[in-house]
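Colleague: I would like the atomic coordinates for the input below:
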Amino acid sequence: MSDVSKADQAQGYSDEDLQDLVSSTDTGGRAPTNRTVALFLAGVALCWSLFQLWIAQPQLWFGAWVPVLNSSQTRPVHLGFAILLAFLAYPALKSSPRNRIPLLDWALAIVGAGCAFYVFLFSRELAETARSGLPTTPQIVIGSIGIVLLLEASRRALGPALTIVGSIFLAYAYMGTGWLIPDIIEHSGLSFTAIVNAQWLDTTGVFGIPLGVSTAFVFLFVLFGALLDKAGAGNYFIQIAFAGLGALRGGPAKAAVVGSAMTGLISGSSIANVVTTGTFTIPLMKRVGFSAEKSGAVEVASSVNGQIMPPVMGAAAFLMVEFVGISYVEVIKHAFIPAVISYIALVYIVHLEALKRDMPALGEAANLGKMFLKIFVGFVVAAVGFTALVYGVNGLRAMAPAVSGPIIMIAILVAYVAMVRTAARRPDLTLDDPNDPNFKLPTVAQVFPTGLHYILPILVLVWFLMIEMQSPGKSAFYAVAIMLFIILTQRPLKAFFRGEDAGEALKAGINDLIEGLIAGARNMIGIGVATAAAGIIVATVTKTPIGTELAGLVEILSGGHLMLMLLLVGVFSLILGMGLPTTANYIVVSSLMASVVVSLGAQEGLIVPLIAAHLFVFYFGIMADVTPPVGLASFAAAAVSGGDPIKTGFTAFFYSMRTVALPFLFIYNPTLILYGVDLGTTAGILQAILVFFVATIAMLLFAAATQGYFLARSKYWESAALLLVAFTLFVPGFWLDRIQPRFEEMPPTQLAEAFDNTAVGDTVRFVVEGPDFTDGEPTSLTIVHTVTAEDPASGRADAAGLFLMAEGEEMFMDEPMFGTPYQTKLQGFDFYGDDRVQVTSLLQPADRMPKQIFWIPALLLLGLVIVMQRRRQTKPAF
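Modeller: Take a look at the predicted model:
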């Protein structure tokens, strides 16, 4: 396609076309022309938001008059709203009418929602019948209809992938055997009644944990983002990014990266992020020299990564809380460093692109190094201010606990009014036309004061999550409550301070509030349906052998090598993600593969934290939005830029190589996700700072190597050297393991003694060998036992359920006590065969040199590359 035709194509997409692209993917493409029908759709969405706010109210002040609903009651209502809106808002086919709702869709919507509401209305009867193993015929009929309509709603809202995967898992649960089913996961098959009971009538399938997380947490965060966006925060974040970074070389691209990162706070959709920020950033990127494909790729890479940026990381983060069994604060802690260094590296990548092509700045050029210094100083000032606020609030609570609450509320109100008054002194922000030849960059001084009050609800969210240590649902509720107040009052307050008509402004504020509530619900349709449909996969995994035997199948495919298995899992995630949203992809792959990664890592003697395995799956899930041929975000960016979608996707994938590399790195070096780092101590904080600093340098070098440019255009050996340096900085232990063994072997007969002599928090590592329960072939497993404070002072091996039998210099094992963790860990061994199960090795950490010693030759090699490139350098590196 010629440049002219591409330009024509780009001009062919109006704002309405782009918004239609977003709505058809995220909120449903139907826009009924019948006013009554349109109002009904809006009314249902509004009622859904109000229902979610009602059940999230943490004080439960209505408990004395209205019964408080439990999770088994709220989940069906949540799904009922989602199915109803899915059939009404999403057309069945591309050829289906979009300006009206056919009668068939009305019927499907009512029946589908009715099947979900049935579980709510008859929860007590279900507890006495179906959930006790005695489902009635009408219940089975309703459940089977509900499953079919849920899969159809999933097809409409998300595409065919999840529907196909869910159907395959249902068929596998029913059939159990077949020529396509490997022997290792065969089973006798479940009855139709048992499947429907488990999937729809019980609380472990459709109405299980994924839908529970969507009901309790995700809706509030999506609503929070919708309200922030409606209030104008999205525009503010884009403008502040351009004001701060637009004057750098390739400034629009850098501003797109930072703006998309901040927009990721309020949008869980990479496609909406691309369209929202891309319509402004992509034309400006093209103006300074980026091609249509590269400008679109920068926007895609930065928008997709918005889902990994704390403190709001999309629905998958809340699912990690349930699946991994850690707090949301812990998830944020583990995700923070990879997310931040990923964005820093993307800024550096577009900087290198600008240097390679000698791109100009918009306006007077600025220095990237000085800009990073200003940002660093800003973070330090913000951190000091936040720390002072923490000590101030805690001091107030200690001195005057009775009145501290009202005082804090008054202080927040005063601060809010002061912020709005500051904003009212300046005109409201509007996005200038990026194609205007006279486009002028705003300054930070002009933009920053106009949206300070948008930071307040984010601060409240972070405060309740990080300081008060409240649940994500409660934290989000308070943040949404603040946001509701802001969106309702900011217009009247601005009008009052400007001497304008406050009455009209109040009406506009009410309209904004209602539209924000409706938008939040419309944005949740796909997520609600996805989490429910993904529950089908989760229930099948728990009800069939695939959940326990998949590790063996994957081990066979990977030959027992962790790296090969990780590659298989990554490819599996990418393939599934081509048709699944990130949340559904994460649920499916983590349910199947996360524990497999951990167990196979243990067989190689590597401790793989469960959170690292889940983050690995999550990262590859978001990469599916980039990867051709189906990367939807790439198609959205190409629609804006006028570039080729496939080229845009491949370029975006190339820019996102750092996101592909990071999961492998924190599997082999969990310190990168701050695993085992105690941030409550000074030593832990210093270690975290060191990890962040070294990881940032390593990721920048990785970016330079993949871009073929550092201080000057790199030769092949220089790029290879930079990759080697980056790898060594990330995983120095790899080279140490080649020189010195990680462990020394002790007599296995000392295992019980090692259990008793190990300090709390430390680990005991031993290797068990014996016949495999399935085929009798010899197999081995490395087990890592962590001693906890609850363990007794002596006899810890017995207390853990291990039956150890020392015979001479050998240590044999009998089947562990039923119901203990070791009974699950060792269930793959045949304890009743002719060959006995025994402990073959007791491994203790060897006394080795510090792994950081390998940083020295890496830095020397880096110095050599710098010396060689300085001779060819023609322009400043920053």
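
Colleague: Break this protein into its domains for me.
Modeller: 3-176+190-211, 743-847 (automatic domain parsing).

Colleague: Just name the most buried of these.
Modeller: Greatest average neighbour count among the domains of the chain goes to domain 3-176+190-211 (a mean of 18), per mean count of other CB atoms under 10 Å. Just so you know, the C-beta spots here come from the backbone N, C-alpha and C atoms, and that holds for glycine as well.

Colleague: Confirm that residue 764 sits in a strand.
Modeller: Yes. Secondary structure of residue 764 (DSSP: H, G, I helix; E, B strand; the rest coil): part of a strand.

Colleague: Show me the beta-bridge partners of it.
Modeller: residue 785 (DSSP bridges).

Colleague: Next up, the contacts around it.
Modeller: By CB atoms under 8 Å, 6 or more residues apart in numbering, residue 764 lies in contact with 751, 754-755, 758, 784-785, 787, 842.

Colleague: Please produce a markdown table containing the domains of the chain, extended by distance to residue 861 and mean pLDDT.
Modeller: Compiled in a markdown table, these are given as follows (distance: least, CB to CB, whole Å; pLDDT from 0 to 100):
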| stretch | distance to residue 861 | mean pLDDT |
| --- | --- | --- |
| domain 3-176+190-211 | 42 | 84 |
| domain 743-847 | 27 | 85 |
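
Colleague: between those domains, which gets nearest to residue 535?
Modeller: Closest approach to residue 535 among the domains of the chain is made by domain 3-176+190-211 (4.5 Å; CB to CB).

Colleague: show me what contacts residue 56?
Modeller: 216, 220, 473-474, 476-477, 480.

Colleague: please redo it, this time with the cut-off set to 7 Å
Modeller: Residue 56 makes contact with 220, 473, 477, according to CB atoms under 7 Å, 6 or more residues apart in numbering.

Colleague: ditto for residue 190
Modeller: Shown in contact with residue 190 (CB under 7 Å, 6+ apart): 173-174, 543.

Colleague: Go through the contacts of residue 764 and flag which are in helices.
Modeller: When DSSP state H is applied, the contacts of residue 764 are split such that 751, 754-755 fall in helices.

Colleague: Pipe those residues into TSV and attach distance to residue 113 per row.
Modeller: Converted to TSV, the ones in helices among the contacts of residue 764 look like this (distance: CB to CB, whole Å):
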residue	distance to residue 113
751	58
754	58
755	55
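
Colleague: Quick check: of those, which lies closest to residue 698?
Modeller: For those, the nearest to residue 698 is residue 754 (35.9 Å; CB to CB).

Colleague: Would you check how far apart the closest one and residue 811 are?
Modeller: 11 Å (CB to CB, to the nearest Å).

Colleague: Residue 844 falls within a strand, correct?
Modeller: Yes. Using three-state DSSP, the assignment for residue 844 is a strand.

Colleague: Hmm, residue 746 and it touching each other?
Modeller: Yes. Counting by CB atoms under 7 Å, residue 746 is a contact partner of residue 844 at 5.6 Å.

Colleague: CA atoms of the helix or strand encompassing residue 855 as PDB?
Modeller: In this assignment (DSSP states H and E), residue 855 forms part of helix 855-870. Extracted in PDB, the C-alpha atoms of helix 855-870 (Å, rounded to 0.1, in the frame of the first residue of the first chain):
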ATOM      1  CA  TRP A 855      29.000  -8.000  37.800                       C
ATOM      2  CA  ILE A 856      32.600  -7.000  37.600                       C
ATOM      3  CA  PRO A 857      33.500  -8.700  34.300                       C
ATOM      4  CA  ALA A 858      30.100  -7.600  33.000                       C
ATOM      5  CA  LEU A 859      30.800  -4.000  33.700                       C
ATOM      6  CA  LEU A 860      34.300  -4.200  32.300                       C
ATOM      7  CA  LEU A 861      32.700  -5.600  29.100                       C
ATOM      8  CA  LEU A 862      30.200  -2.800  29.100                       C
ATOM      9  CA  GLY A 863      33.100  -0.300  29.500                       C
ATOM     10  CA  LEU A 864      34.800  -1.800  26.400                       C
ATOM     11  CA  VAL A 865      31.600  -1.300  24.400                       C
ATOM     12  CA  ILE A 866      31.300   2.300  25.600                       C
ATOM     13  CA  VAL A 867      34.900   3.000  24.600                       C
ATOM     14  CA  MET A 868      34.400   1.500  21.200                       C
ATOM     15  CA  GLN A 869      31.200   3.400  20.500                       C
ATOM     16  CA  ARG A 870      32.400   6.700  21.900                       C
END
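
Colleague: how far does that helix sit from the chain's center?
Modeller: 36 Å (CA atoms, centre = their mean, to the nearest Å).

Colleague: What of stretch 527-538?
Modeller: Its chain's C-alpha centre and that of stretch 527-538 lie 16 Å apart, by CA atoms, centre = their mean.

Colleague: and what of stretch 43-60?
Modeller: For stretch 43-60, the distance to the chain centre is 24 Å (CA atoms, centre = their mean).

Colleague: what's the answer for stretch 296-313, then?
Modeller: Here stretch 296-313 shows a centroid-to-chain-centroid distance of 10 Å under the convention CA atoms, centre = their mean.

Colleague: So what's the residue count around residue 421?
Modeller: 15 (other CB atoms under 10 Å).

Colleague: Count the neighbours of the closest residue to it other than its chain neighbours for me.
Modeller: Leaving out its chain neighbours, the residue that sits closest to residue 421 by CB to CB, 6 or more residues apart in numbering is residue 497, at 5.2 Å. Other residues near residue 497 come to 16 when the count uses other CB under 10 Å.

Colleague: Residue 497 touches residue 422, doesn't it?
Modeller: No. At 9.4 Å, residue 497 and residue 422 do not qualify as touching, with contact defined as CB under 7 Å.

Colleague: sorry, back to before: with distance to residue 679 as extra columns, can I get the domains of the chain in JSON lines?
Modeller: As requested, those are exported to JSON lines (distance: least, CB to CB, whole Å):
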{"stretch": "domain 3-176+190-211", "distance to residue 679": "27"}
{"stretch": "domain 743-847", "distance to residue 679": "16"}
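
Colleague: between those, which one is nearest to residue 468?
Modeller: Of all the domains of the chain, domain 3-176+190-211 comes closest under CB to CB, at 11.5 Å.
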